[in-house]
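Asker: output the structure for:
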Amino acid sequence: MDTAAKKSVLRMFSYGLFAVTARRGDEVSAMTVNWITQASFEPPMLALAVEQDSHSRKVIEAGGMFAVNVYESGQRELAGQLGKTWGKHPAKFNEVPQRASPGGIPLLEAALGWVECRVVSSVPAGDHVLFVAEVVEAGVNREGTPLTLKETGFRYFG
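Answerer: Purely as a prediction, here's the structure:
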């Protein structure tokens, strides 16, 4: 495979950026993700890819639920903060204003909107785990333009 061509083409893919939050007992996690997509209309379902060695993956698996919070354009700093690894920055989510979803999952008050999801299956996918989850609740905080990977200049592919 032409590695340079692969990177060039994968960098043409359009991605949004989102904060995925989860809870396992008293432990909460938050991470910035871009590998997420709708997977079904009825029932409404999402597919989310999470790195296998991610702390959040363990919290999602143990809790069986997560929330997807939609970043607003201009929230690059917040996306970068929550994109830091938990191992080096375990307190990265402590000062972020949040409230609980109906299922008790942390929600970012700064997000445009959110969906709460219940995991229905998972499968290993290379160096990631692919979660398929049903949307069980949703909320809109305000209107706005979602943040994109291109806007931030972050690179997470290739």
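
Asker: does L48 touch T21 like I think?
Answerer: No - with contact defined as C-beta atoms under 8 Å, L48 does not reach T21; the gap is 12.0 Å. Backbone N, C-alpha and C define where each C-beta goes, glycine included.

Asker: and N141, how far from T32?
Answerer: 18 Å (C-beta to C-beta, to the nearest Å).

Asker: which of the two has more neighbours?
Answerer: T32 (23 against 16; other C-beta atoms under 10 Å).

Asker: so which elements touch the strand or helix carrying that one?
Answerer: If you go by DSSP states H and E, T32 is part of strand 27-33. Helices and strands touching strand 27-33, by 3 or more C-beta pairs under 8 Å, 6 or more residues apart in numbering; DSSP states H and E, are strand 18-24, strand 45-51, helix 55-63, helix 76-82, strand 106-108.

Asker: try it again with 6 Å
Answerer: Helices and strands touching strand 27-33, as assessed by 3 or more C-beta pairs under 6 Å, 6 or more residues apart in numbering; DSSP states H and E, comprise strand 18-24, helix 55-63, helix 76-82.

Asker: so what touches that strand?
Answerer: With contacts defined as C-beta atoms under 6 Å, 6 or more residues apart in numbering, strand 27-33 is touched by 17-22, 55-56, 59, 79, 82-83, 93, 106.

Asker: sheet partners, orientation included, of that strand?
Answerer: According to DSSP bridges, strand 27-33 has the following sheet partners: strand 18-24 (antiparallel).

Asker: buried set for the strand it pairs with?
Answerer: F18, A19, V20, T21, A22, R23 (16 or more other C-beta atoms under 10 Å).

Asker: tilt between it and strand 45-51?
Answerer: 80 degrees (axes from the mean of the first three to the mean of the last three C-alpha atoms, to 10 degrees).

Asker: distance from the chain centre to strand 18-24, please.
Answerer: Counting by C-alpha atoms, centre = their mean, to the nearest Å, strand 18-24 is centred 7 Å from the centre of its parent chain.

Asker: now swap in stretch 73-92 and tell me
Answerer: With C-alpha atoms, centre = their mean as the basis, stretch 73-92 stands 12 Å off its chain's centre.
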